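1. generate coordinates for the sequence data below:
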Amino acid sequence: MKNEHLSNSAVFPLGQKVEQYFTGDAYLQMVFTDPTPLNTAIGNVTFAPGARNNWHSHHDGQVLLVTGGEGWYQEEGKPAQLLKTGDVVNIPPHVKHWHGAVKDSWFVHLALTPGHTDWLEPVTDEEYSKL
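-> A predicted model of the protein is given here:
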């Protein structure tokens, strides 16, 4: 399995296991929640191999900063993009998407998320297995 060392996260603590809106083992450590000066929450999300979040969208968009491992990002109706350490994804407001680890690697990113998230249906095993 690739990037096994990321099972303890990369820079920030692993955080708490999250189950709602996720498939597989994923962990969240909130890094920043103060509304000033940016009004943007920052969460460190660590995905075990094969873990992913549900389809969702953000009212004000989102930025992902990949800090370790390999993962997927996919917008509805578009091919999935392979993400690696150092990649940055700028997600526009109201774009339906999901992100998570590839099948054989841990994956860690910082998620900068202002505003509200609309959580939707899970990414099915069938959808994921096509990647």
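
2. within its sheet, name the partner strands of the strand ranked longest in the chain and how each one runs.
-> As assigned by DSSP state E, the longest strand anywhere in the chain is strand 62-75. Strand 62-75 pairs in its sheet with strand 81-84 (antiparallel), strand 88-91 (antiparallel), strand 97-101 (antiparallel), strand 107-113 (antiparallel), by DSSP bridges.

3. what segments of the protein are strands?
-> 16-18, 22-23, 26-32, 41-47, 52-53, 56-58, 62-75, 81-84, 88-91, 97-101, 107-113, 117-119.

4. which residues in the first one does the neighbour count mark as buried?
-> It stands for strand 16-18. residue 18 (16 or more other C-beta atoms under 10 Å). No exception for glycine: its C-beta is placed from N, CA and C like everyone else's.

5. so what does it touch, helix or strand wise?
-> With contacts defined as 3 or more C-beta pairs under 8 Å, 6 or more residues apart in numbering; DSSP states H and E, strand 16-18 has these neighbours: strand 26-32.
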